[in-house]
Structures are given as C-alpha cells and as structure tokens.
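**Q** Have a look; sequence and predicted model below, questions after that.
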Amino acid sequence: MKRAFIFGEFIPKSTTGIAYVNTNLESVLKELNFFVETLDDPRSNDYFKYKNFVKKNLNIIKFFKLILFLVFAKKYNISFLTISMGNLGLLKSLLIIILLKFKTKDLYLYVHRGDLDLNFKNSLYKRYLIKLNLNYSTKIILLSKLFSLDESLKIFQKKIIIIPNSLSKEDSFTSDVFFKKRYKIFENKYQQEIIRFIYSGNLQSAKGIHEIIKAIKLINKKKFNIKVQLDIYGMKFEEIDLKACNIFYKGKLKHSDRLTIMSKYDFLISASKTEGLPITLIECMAIGLPFITTNVGAINDLLINNYPYIINSQNLNIIEVICSALYDHTKNKTKVKSLILANRKLFIKKFQYSHFLNNMKQNL
C-alpha cells in the first residue's frame, strides 16, 4: 500500500480553514488507497489552551519531538505540508521540507493564504526563505489560478497545480438539508425587528473585525425600525470592542455544529484584507446563507456575476452595503432568494467534496 504523510493543523484540534482542508485531504488520500500518517503542527496546541487570547509560543520541546519523528520515520510515497508565513514559520517549513526530502518521493507544498506575494515583496528575509521553500518542493498547490500570477511564483510555474478548497463529504451532503430549510424562509411574510449577522474568523485587524463592529454600532445608533445583532465567533488574537448593545462575543465556533449555528443567521459578514479561498464563504454558499465580503485573495472565485454585497474595509462603505442588504432582506426578498440559489448552484458546480477528490486524483 502506498504511504502518505500530512503535517499541519487538523480538526478537531484546530478550527481553522487550513485544518478543515487538511482533514479533507486525509479523507481523500484514504479513498485513494493510501496509508495516511498525520502529525499535528505544534502551533495547534496554542489555539484552545487559553480562555481569552491565543498566545504564540515557540513549543520548542514539541518541535524537537517532531524533528526526531521525521528523522526516524519510514519512507513515504507522498507528503504534504502548508507553508507558514511568519519569520520563524518559514524557517520551520524549510527545515521540515529538507527532512521530508530524504523520506518522501513527492513533496507537495500547500499555499493556503493569499499573502504569499505580499510577504515576498515586503521582506528580503522572507523572499529568500519563500524561494527556498518553493524550490525544494516537488509540487506547489494553489487554491486559485489568480495566485499563479504572483511575482513570487513566476519561476515555479511548472510546479504549480490548482486545487480549490471544498466542503467535506459529510458537510457537502448535510448542507443540502440546511439549504432547503433556509430557502423556505423566504416564503414567509413576517417582518423581523432584529436582523442577525454572524462573523466567523480570527479576531484580528487583518480580518477587518474592528471596522465591522464600528459600522454595526453606527447603524444601530440611527433610529431605524430594524436593529442589527452581530454575533462574533472566533479565536481572540486582539481585544475587540463589545461596549454596545446587540454585539456579542460567542466564543470559538466548533466544527461539529458549525453549519447548524450558521444556518440560524440572516447574513454572514467578513471584511478580510487578505484571504486565500475561505471555507466560511463556501459553507455559506452551500447552506444558503447570504454573505457580505471583501473581494480579496481568491474570493472572486466564490462570487456569482455582479455579486451585490461587496465591501472594502472602510466604515462608510461597510455601512452602505449593510444597509443595502437590510433593505433587500426586508423589502426585496426575491432578490435575496435568487442570490442564495445562484450561490448554491456555484457551490454544486465547483466546491463540493467530489470536486476536491477528482482534483486530487488528477494531480497525484
């Protein structure tokens, strides 16, 4: 039996998009008759260790054990790991790649984030390490053709393969149930006094959470008949302002009931300044939850033509788009209904588990 190795974050230890995709990858490799061995990134230990803020630890002992494991591991036919973008993370990725080169025939380097080129351009140190990481890899997995145009990848075009993210097999199946329930909501004629928004992501400036909170607060200060409730889910990397009515921090959103919780809201909102191909938006498309988002990274791949709820990270723009979404939800339900149907069709066409499985079959 062929042997495969995956290093990185995995569900349930981590709830990040990277963990979700790595867990998907494990399932796919098993379906393709690989014996799969996985090893958690020591970074995962930090995510649920603290009640309040996620702290960055060096995890020296765990990393040393990781190195020993790789030194004495049996050989693999194929290995996967995700490139890290931090100063130490790039060194960590490079060291693991070098060790795996002696242990594996083909080494696939996943680029999950959308800021590879930004880091490449802004730091000589990172530029050098990024080049080394890419050079030692057998193949480079990108989430979208959009990223293949990055300056940092120009000389590596022959190594690049495109494998978009997808939902898991289970979530692809169950999302159909959630979608049918949500689609029927728009048959109802009742008026809501509170429109419920969900934010799901890391709580840090790069995700635009501070601008979202300011926008919601300003909207609720105006004397509209409708109020906006914002429920915030995610890992705390920074302090956020919760000194306002109708804004609540709900903790970390567990994978096990993620779709169930998301389906109870009227809109998801994201204002990320950099992105890869976010699983959260794919989940929205699958279950029929309309979303407000920036158009950065590979998000454009997730948008139907003329998608109406695109924002930048400026407060006034966010307010304008939220107000437009509120109007459509209360006065123009047919538009929202058509939107979620088009999103679902795009999901079925491109982002189900079966597409991820087929992409892996073609590229391994």
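**A** Received it, and whenever you're ready, just let me know what you need. Predicted, not measured: the structure shown is a model, and the values here were computed from it.

**Q** okay, now the nearest residue to residue 251 once chain neighbours are set aside: neighbour count?
**A** When the adjacent residues along the chain are set aside, residue 251 lies closest to residue 233, with 6.8 Å between them (Cβ to Cβ, 6 or more residues apart in numbering). Every residue, glycine included, has its C-beta placed from N, CA and C. Applying other Cβ atoms under 10 Å, we find 21 residues neighbouring residue 233.

**Q** Residue 233 contacts residue 253, doesn't it?
**A** Yes - Residue 233 is in contact with residue 253 according to Cβ atoms under 8 Å; the separation is 3.9 Å.

**Q** quick revisit: and the residue nearest to residue 251, what are its phi and psi?
**A** For residue 233, the backbone dihedrals (degrees, to the nearest 10) come out as phi -120, psi 140.

**Q** Which per-residue confidence value corresponds to it?
**A** Note for residue 233: predicted pLDDT of 94.

**Q** Residue 60 too?
**A** 78.

**Q** So which other helices or strands are in contact with the helix or strand hosting residue 324?
**A** Assigned by DSSP states H and E, residue 324 falls within helix 315-331. Here helix 315-331 touches strand 194-200, helix 209-221, strand 267-269, strand 291-292, helix 333-350, going by 3 or more Cβ pairs under 8 Å, 6 or more residues apart in numbering; DSSP states H and E.

**Q** again, 6 Å this time
**A** helix 209-221, helix 333-350 (3 or more Cβ pairs under 6 Å, 6 or more residues apart in numbering; DSSP states H and E).

**Q** Helix 333-350 and that one, what's the angle between them?
**A** 110 degrees (axes from the mean of the first three to the mean of the last three Cα atoms, to 10 degrees).

**Q** The residue nearest to residue 251 pairs with what?
**A** residue 200, residue 251 (DSSP bridges).

**Q** Might you report the residue contacts of it?
**A** Taking Cβ atoms under 6 Å, 6 or more residues apart in numbering, we find residue 233 in contact with 200, 250, 253.

**Q** now those: which count as buried?
**A** Buried members of the contacts of residue 233, scored by 16 or more other Cβ atoms under 10 Å, are 200, 253.

**Q** Closest one of the contacts of residue 233 to residue 38?
**A** Set against residue 38, the nearest of those by Cβ to Cβ is residue 253 (22.7 Å).

**Q** if I read this right, the closest one contacts residue 199, doesn't it?
**A** No - applying Cβ atoms under 6 Å, one finds residue 253 not in contact with residue 199, separated by 10.0 Å.

**Q** Return the closest of the contacts of residue 233 with respect to residue 326.
**A** Using Cβ to Cβ, residue 200 comes nearest to residue 326 of those, at 19.7 Å.

**Q** how about that closest one, what does it touch?
**A** Shown in contact with residue 200 (Cβ under 6 Å, 6+ apart): 233, 253, 280.

**Q** Quick one: the strands in the stretch 101-250 of the chain, in order.
**A** For the stretch 101-250 of the chain, applying DSSP state E, counting those that start in this stretch gives strands covering 104-110, 139-142, 160-162, 194-200, 227-233, 247-251.
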